[in-house]
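Participant: Turn this into a structure:
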Amino acid sequence: MSAAGGTFDVAGVSIPKLGLGTFDMDGEAAVVAVSEGLKAGYRHVDTAEMYGNERAVGEGIRASGLPREDVFVTTKVWHDHLTDHAMQSAAEASLDRLGVGQVDLYLIHWPSPDVPVAEAVRALCRIRHRGLARAVGVSNFPAALVEEAVAAADVELAVNQVEYHPYLDQDPVLSAVRRNGMGLIAYCPIARGKVLRDETIVGIAERHGVSPVAVTLAWLIAQDGVIAIPKSRSPQRLRENFAAATLTLTTEEHAAIDALRSPSGRLIDPDFAPAWD
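Facilitator: Okay, here's the model as predicted:
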């Protein structure tokens with residue numbers, strides 16, 4: 001699969017480095033966002049059973065007119081479905097809602113305090129062995145759990161999907177995934193809009209004649225093994241964001257954004273989250 005912005009090749013799949021997130025979208029808004037995003041050039045769509053929008057995402061993919069093989073589809077299993085029986089059933093239900101015979105990537109959405117990582121990963125690997133997903137991986141796993149997951153897996157794990165943006169230092173997780181040949185999918189990549197008000201990022205955007213969001217996404221996808229999944233309901237913003245696919249920042253601009261990162265910049269931290277790095 002060719003994709004503007006490049007791809008990350010891992011575990012037998014090529015993941016487009018610029019994808020389309022769909023969290024907090026449902027119904028017709030999700031259908032339109034997905035179909036318009038794909039028409040704008042995106043080739044990677046991310047959803048999850050917890051989002052409640054897999055059916056709409058599938059409709060959006062079909063409405064785009066693109067062949068199924070041209071769209072990389074990721075979905076995720078919620079942390080209350082991590083036993084083997086529950087996960088197999090959840091994956092089958094996700095495929096049914098999406099209207100596809102197989103997803104490209106299936107992730108454990110969050111680790112569970114009730115199901116050991118090794119048990120959950122063995123169930124995840126069976127999803128891959130059954131052909132329900134072309135590749136599998138994890139999400140919201142700190143570095144120690146990445147190592148535990150890799151040790152338990154009998155197939156190559158493709159990615160760890162985590163919060164990552166200019167204000168959150170994720171070096172421990174980046175080191176862990178790179179050490180294990182995995183990629184990192186960055187969700188919440190524009191820090192809930194904070195980049196729109198950041199003097200450093202706004203200044204870089206003005207020099208390039210693009211939006212601060214495009215600058216942020218370009219910073220992310222230029223990093224080794226990093227994939228970004230911004231979201232927007234607006235077709236115009238979807239197109240503006242996609243400018244990141246052809247934007248090249250200077251070494252000095254990258255360093256200026258790097259300097260914004262902090263271990264205390266996390267925005268997503270639910271009660272059931274693991275102990276972060």
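Participant: Could you pull out the helices in the stretch 101-250 of the chain for me?
Facilitator: For the stretch 101-250 of the chain, helices defined by DSSP state H, counting those that start in this stretch occupy the ranges 117-129, 143-152, 171-179, 199-208, 212-221, 235-241.
Participant: hang on, residue 149 packs against residue 138?
Facilitator: Yes - with contact defined as C-beta atoms under 8 Å, residue 149 counts as touching residue 138 (5.4 Å). (Each C-beta comes from the backbone N, C-alpha and C, glycine too.)
Participant: how far does stretch 168-187 stretch from start to finish?
Facilitator: Stretch 168-187 stretches 12 Å from its first residue to its last (C-alpha to C-alpha, to the nearest Å).
Participant: and that stretch, average pLDDT?
Facilitator: For stretch 168-187, mean pLDDT is 98.
Participant: how about that stretch: buried residues?
Facilitator: By 16 or more other C-beta atoms under 10 Å, the buried positions in stretch 168-187 come out as 168-170, 173-174, 176-177, 180, 182-187.
Participant: Please render the residues you listed as TSV that adds distance to residue 93 to the earlier fields.
Facilitator: Conversion of the buried residues of stretch 168-187 to TSV gives the following (distance: C-beta to C-beta, whole Å):
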residue	distance to residue 93
168	32
169	37
170	31
173	29
174	33
176	31
177	28
180	29
182	26
183	26
184	27
185	22
186	27
187	22
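Participant: which two in those are spaced the farthest apart?
Facilitator: Spanning the widest gap among the buried residues of stretch 168-187 are 168 and 180, at 20.6 Å by C-beta to C-beta.
Participant: just to revisit the earlier point, comparing residue 149 and residue 138, which residue is more hemmed in?
Facilitator: residue 138 (29 against 24; other C-beta atoms under 10 Å).
Participant: so who does that one touch?
Facilitator: Applying C-beta atoms under 8 Å, 6 or more residues apart in numbering, we find residue 138 in contact with 107-108, 111, 121, 124, 145-146, 149, 157, 159-161.
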